[in-house]
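A.B. asks: any chance you can model this:
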Amino acid sequence: MGEDHLRPRTRWGKHNMDKARDPVPGVAKRVGKPSWKDPRLLLGILIVLASCVGVVALTSSMDRTTAMYSAKADISLGEEITPEKLTIVNVKLDALEERYVQADPGMLEGTRANSLVRAGQLLPRSALGLDDGTNRRPVSIDLPDSLPQAITPGAHVDVWVSLKERSENTYAPPSLLLPSAEVSSRAERATGFGGTSGTLVELLVEDTKLADLLEAMANDARIIVVFNPGASAS
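C.D. replies: The predicted model follows:
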């Protein structure tokens, strides 16, 4: 009786073991290892390379600098500009780059300073005058009043002129004669009592405006000098 009881159980166990070996429906087969010839792998590599190239290009463009000229010492009006008086600095100016002189000796041949250039200042293109340095001339104006402290050599001012009307001994409404004129020097006129009674300011005046200014000065016109912060900051 014991053997008959064991035989069916043995056959049932073997049957279940055979079913366990059969593949289960709906279970996906294991994916094989990707090959170098797999287009999806090649596409992923190309995307990574393109991203790296883009980042490098962007970083290079942001760090781009240009070699520009800077004054070793003060360069005065009319002084000849030579490479020996300049030093080369690498700066990032972006849109302002066109306002200054790049480190090219050919741009300096036969030029003179058209304005005062301070030591350490980048050389502006506007400072490159004509070969003889005569496109702007220094003119001293004796003013009866003191000027704001912001008006220093290198600053820019607007010069207004009020012509004197001889018949009525009055002055006409002021008109703008010299916009954004550059100051080359200033000095306070001292009195005998230790104070000041006015200012002597020297301006750089273009040849086209020189005659008008001299005429106004010769005819005792009232001259008003106004600080121009916008032009001074450029």
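
A.B. asks: helices and strands of this protein: which one bottoms out on pLDDT?
C.D. replies: Every helix and strand in the chain was compared by mean pLDDT, DSSP states H and E; the lowest is helix 2-21, with a mean of 50.

A.B. asks: so what's residue 64 closest to, chain neighbours aside?
C.D. replies: Leaving aside its sequence neighbours, residue 64 sits nearest to residue 92 (Cβ to Cβ, 6 or more residues apart in numbering; 6.8 Å). The C-beta positions use only the backbone N, C-alpha and C, and glycine is treated the same way.

A.B. asks: these two touch, right, that neighbour and residue 65?
C.D. replies: Yes: with contacts counted by Cβ atoms under 8 Å, residue 92 reaches residue 65, the gap being 5.0 Å.

A.B. asks: dump the top strand by length along the chain to PDB, restricted to CA.
C.D. replies: Under DSSP state E, the strand in the chain containing the largest number of residues is strand 175-190. Extracted C-alpha coordinates of strand 175-190, given in PDB (Å, rounded to 0.1, in the frame of the first residue of the first chain):
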ATOM      1  CA  SER A 175      23.300 129.500 -28.400                       C
ATOM      2  CA  LEU A 176      25.400 126.300 -28.400                       C
ATOM      3  CA  LEU A 177      28.700 126.900 -30.200                       C
ATOM      4  CA  LEU A 178      30.900 124.000 -29.200                       C
ATOM      5  CA  PRO A 179      29.200 120.700 -28.300                       C
ATOM      6  CA  SER A 180      31.400 118.200 -26.400                       C
ATOM      7  CA  ALA A 181      34.600 120.200 -26.500                       C
ATOM      8  CA  GLU A 182      37.500 118.500 -24.700                       C
ATOM      9  CA  VAL A 183      39.300 120.200 -21.800                       C
ATOM     10  CA  SER A 184      43.100 120.000 -22.000                       C
ATOM     11  CA  SER A 185      43.800 122.000 -18.800                       C
ATOM     12  CA  ARG A 186      42.200 124.300 -16.200                       C
ATOM     13  CA  ALA A 187      43.600 126.700 -13.500                       C
ATOM     14  CA  GLU A 188      41.900 128.700 -10.900                       C
ATOM     15  CA  ARG A 189      42.700 132.500 -11.100                       C
ATOM     16  CA  ALA A 190      43.800 133.600  -7.700                       C
END
